[in-house]
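*Asks:* Okay, here's the prediction I keep looking at, along with the sequence it came from:
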Amino acid sequence: MGDDHHVGHVHQSEHDSLIKDCGFDRFETSALEISRRLFSSFADPLSHGWMHAFERAEEIFPPPFGSTITLALVRCIRILRTSRTTRFSFINADCRSCSRWVTQEERHFISILRAARHSRRSEAVTFATMVCEGQEPGQLVDGFERMCVIIGEGPLR
């Protein structure tokens, strides 16, 4: 679906923040990079962004976690895509001019992960509600909480 209206690469705008100013830790920054490669794959399937996501995750995370974390992110992104009616704006991980920035939507997406890692479900639901455009946020929060179980953080519900 090259004309996918649910995800789309954008260049840095006045609403974006520098990644370094978001307070993301190394795991969250890595999850953002992997997510961007997955977003690229949905926006432009011929980019094979999903392969680059899995390859990069295997470089970043110790085996066998790279592929497992990437698959968990794929599930979260699938939930995100089905909940939205407008395009999710992301910055391409390979765009040298803007990859140090984060869109507001990306920031909220990673904030769900951060809240889930610290067992702050109500905060995760708030960010998920924004990312899901007011649609049911529970499935997305559950997806991130499952990822936390994989990495040994967050609640075991």
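*Replies:* Right, received. Where do you want to start? Numbering: from 1, shown residues only.
*Asks:* I'd like the distance between the residue nearest the centre of the chain and A93.
*Replies:* In the chain, the C-alpha closest to the average C-alpha coordinate belongs to S35, at a distance of 4.3 Å (Cα atoms, centre = their mean). For S35, the distance to A93 under the criterion Cβ to Cβ, to the nearest Å works out to 9 Å. Every C-beta, even on glycine, is put in place using the N, C-alpha and C of the backbone.
*Asks:* Helix, strand, or coil at S89?
*Replies:* Following DSSP: H, G, I helix; E, B strand; the rest coil, we place S89 in the strand state.
*Asks:* Quickly list what it is bridged to.
*Replies:* On the basis of DSSP bridges, S89 is bridged to G8.
*Asks:* What's the local residue count around it?
*Replies:* The burial count assigned to S89 is 18, neighbours taken as other Cβ atoms under 10 Å.
*Asks:* Assumed I110 was part of a strand.
*Replies:* No. The assignment for I110 is helix, going by three-state DSSP, so no strand is present there.
*Asks:* mind listing the strands for the protein?
*Replies:* 7-9, 17-18, 88-90, 101-102 (DSSP state E).
*Asks:* Out of the ones you listed, which gets nearest to Q135?
*Replies:* Evaluated with Cβ to Cβ, the strands of the chain place strand 88-90 nearest to Q135, the distance being 12.7 Å.
*Asks:* for that closest one, packing partners?
*Replies:* With contacts taken as 3 or more Cβ pairs under 8 Å, 6 or more residues apart in numbering; DSSP states H and E, strand 88-90 sits against strand 7-9, helix 26-43, helix 104-117.
*Asks:* rewinding a little: who are the contact partners of the residue nearest to the centre of the chain?
*Replies:* The neighbours of S35, taking Cβ atoms under 8 Å, 6 or more residues apart in numbering as the test, are A53, L73, I77, F90, E106, F109, I110.
*Asks:* T85: how many residues sit nearby?
*Replies:* By other Cβ under 10 Å, the burial measure for T85, its neighbour count, is 9.
*Asks:* ok, and the closest non-adjacent residue to it?
*Replies:* Nearest-residue entry for T85: E133, 6.3 Å, with adjacent residues in sequence omitted and distances by Cβ to Cβ, 6 or more residues apart in numbering.
*Asks:* Tell me the pLDDT of the one you found.
*Replies:* Looking at E133, its pLDDT reads 94.
*Asks:* Tell me how many other residues surround it.
*Replies:* 14.
*Asks:* phi, psi of it?
*Replies:* As for E133, its main-chain torsions (degrees, to the nearest 10) stand at phi 60, psi 40.
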